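Chemist: Need the 3D shape of this:
(chains A and B)
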Number of protein chains: 2
Amino acid sequence: MFSTQPIGYVRSPYKDTQEIPKGLGAKHEAEGVLEIQAEFAPGLTDIEGFSHLIIIWEFDRSEGFNLVVKPPSDDRSHGVFATRSPRRPNPIGLTVVELLGREGPALHVRGLDMLEGTPILDIKPYLSNIPPERLRRGWLAEAEVHAGMKP
Amino acid sequence: MFSTQPIGYVRSPYKDTQEIPKGLGAKHEAEGVLEIQAEFAPGLTDIEGFSHLIIIWEFDRSEGFNLVVKPPSDDRSHGVFATRSPRRPNPIGLTVVELLGREGPALHVRGLDMLEGTPILDIKPYLSNIPPERLRRGWLAEAEVHAGMKP
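Modeler: Predicted coordinates:
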C-alpha cells in the first residue's frame, strides 16, 4: 500500500463540520478554491474544458472508523460502505464539484462540502452518468419516501 | 496524511493491463467480484439496495507519476488530473460498477476495469448524476468529434 501526499488544499467557507449542510435534501452550493501546489500545477493542463470534477480528499479531522453508522439522513443504521460517513477504514472523501474557472494552480469551484484546509489527494474529470432509469438508491430513497420528500 | 490499507481485493478477468479495453468508446462490461475482508464485512450492511457503487482502489502495479500524459483516447497530451491515467501523484483509481448481487463479503459486479488482485480502498454508494445538459467533457468530447464518433 502507499502513504498519501497532498497535491493541494481546499479553501472552503466551512470552518467546522457543524456548518456543512447534512441530511435529506441537503444542497451543496458552497463556492471555494482548490489550491493545487505549484509542483503539481502542470497536471491541471486542459482541465478547464471539463464542467465537473471528481475531487478525492482526506477526512483529516476524522479519527478511527465505525463499520456500522447512523447517517444524518436516516434514523436507522447502515454499513459504512453504504454511506458517505467520514469514519471509514481509509479516510477518503469524494465530492463532485462544478468547475467555475481556473487561475493558474487555483480552481474556483461550486459544490464544496469539505472543511477549510482539507488535503486534496486527486482530481479526475467527471465523464459520464449512470442512466437514471437504472439507478437505485437503497435506504436513502426509502428515507426520502419516509420523510415525504418523494412520491 | 495516512497509509492506506486494503479493505479487500478485486477478482477480475483481467490479468494484464493490455487486456483492459482502452481508448475512445471503450466499454467496461467485465464482471467479477469484490472480495471484502471478513473484518470489514459488517460495513457492507444494506449495500445491496444500491444499483451502482463507486469503488476507490489502488493502482498497485503503477510506479511513479507523470504530470502530463498522452491518454489512449487522444493523440494530444493533457494534464494527468484531466485524465484517468494510472501514473498519478497518489495512485488512486476510481470505477463506478453495477452491483449484481451480494454473497456475504463478496460483491458480484459488472463494469470492472481493474486487474486481478487490485487492492480496494473504499466503497461508496453512487447517489446522483450531473444534469446531462450541464456536463462538458473537454478534450475527450473533442477527441470523439475528431474520431467521427459524435455529431
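Chemist: Please make it C-alpha for all contacts and neighbour counts, starting now.
Modeler: Will do.
Chemist: got the contact list for residue A:35?
Modeler: Contacts of residue A:35 were listed using Cα atoms under 8 Å, 6 or more residues apart in numbering or on different chains, and they are A:8-11, A:105-107.
Chemist: cutoff 6 Å now
Modeler: Neighbour list for residue A:35: A:8-9, A:106 [criterion: Cα atoms under 6 Å, 6 or more residues apart in numbering or on different chains].
Chemist: hey, what's residue A:112 bridged with?
Modeler: When bridges are called by DSSP bridges, residue A:112 pairs up with residue A:30.
Chemist: again with residue A:137
Modeler: Beta-bridge pairing of residue A:137, defined through DSSP bridges, involves residue B:50.
Chemist: from what I can see it touches residue B:50, true?
Modeler: Yes. Taking contact to mean Cα atoms under 6 Å, the distance of 4.9 Å between residue A:137 and residue B:50 places them in contact.
Chemist: the more surrounded of the two?
Modeler: When neighbours are counted by other Cα atoms under 10 Å in any protein chain shown, residue B:50 comes out ahead of the other of residue A:137 and residue B:50, with 22 against 19.
Chemist: pLDDT score assigned to that one?
Modeler: You'll see residue B:50 listed with a pLDDT of 95.
Chemist: cool, and the one 4 residues further on?
Modeler: In the prediction, the pLDDT value recorded for residue B:54 is 97.
Chemist: Now for it, how many residues are close by?
Modeler: Other residues lying near residue B:54 total 18 when counted by other Cα under 10 Å.
Chemist: show me where chain A has strands.
Modeler: A:8-11, A:30-36, A:52-58, A:68-69, A:78-79, A:92-103, A:106-112, A:119-125 (DSSP state E).
Chemist: And those strands: which comes nearest residue B:88?
Modeler: Shortest distance between residue B:88 and those, using Cα to Cα, is found for strand A:119-125: 8.0 Å.
Chemist: Any residue of the closest one touching chain B?
Modeler: Yes. Judged by Cα under 6 Å from any Cα of the partner chain, strand A:119-125 comes into contact with chain B at A:123-125.
Chemist: who wins for neighbours among those residues?
Modeler: The residue in the residues of strand A:119-125 next to chain B with the most neighbours, by other Cα under 10 Å, is residue A:123 (27 neighbours).
Chemist: give the contact list for residue A:87.
Modeler: With the criterion set at Cα under 6 Å, 6+ apart, residue A:87 makes contact with A:65-66.
Chemist: any idea how far it lies from chain B?
Modeler: For residue A:87, the distance to chain B under the criterion Cα to the nearest Cα, to the nearest Å works out to 11 Å.
Chemist: Looking at the contacts of residue A:35, state which has the most neighbours.
Modeler: Neighbour max across these (other Cα under 10 Å) = residue A:8, 23 neighbours.
Chemist: from memory that residue sits against residue A:121, does it?
Modeler: No. With contacts counted by Cα under 6 Å, residue A:8 stays clear of residue A:121, the gap being 7.5 Å.
Chemist: Overlap of the contact sets of these two?
Modeler: In terms of Cα under 6 Å, 6+ apart, residue A:8 and residue A:121 are not both contacted by any residue.
Chemist: got TSV for the strands of chain A, with distance to residue B:65 too?
Modeler: Formatted as TSV, the strands of chain A follow (distance: least, Cα to Cα, whole Å):
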stretch	distance to residue B:65
strand A:8-11	16
strand A:30-36	16
strand A:52-58	17
strand A:68-69	36
strand A:78-79	34
strand A:92-103	20
strand A:106-112	21
strand A:119-125	12
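Chemist: and the ones you listed, which is most packed in?
Modeler: strand A:119-125 (a mean of 24; mean count of other Cα atoms under 10 Å in any protein chain shown).
Chemist: For it, name the packing helices and strands.
Modeler: With contacts taken as 3 or more Cα pairs under 6 Å, 6 or more residues apart in numbering or on different chains; DSSP states H and E, strand A:119-125 sits against strand A:8-11, strand A:52-58.
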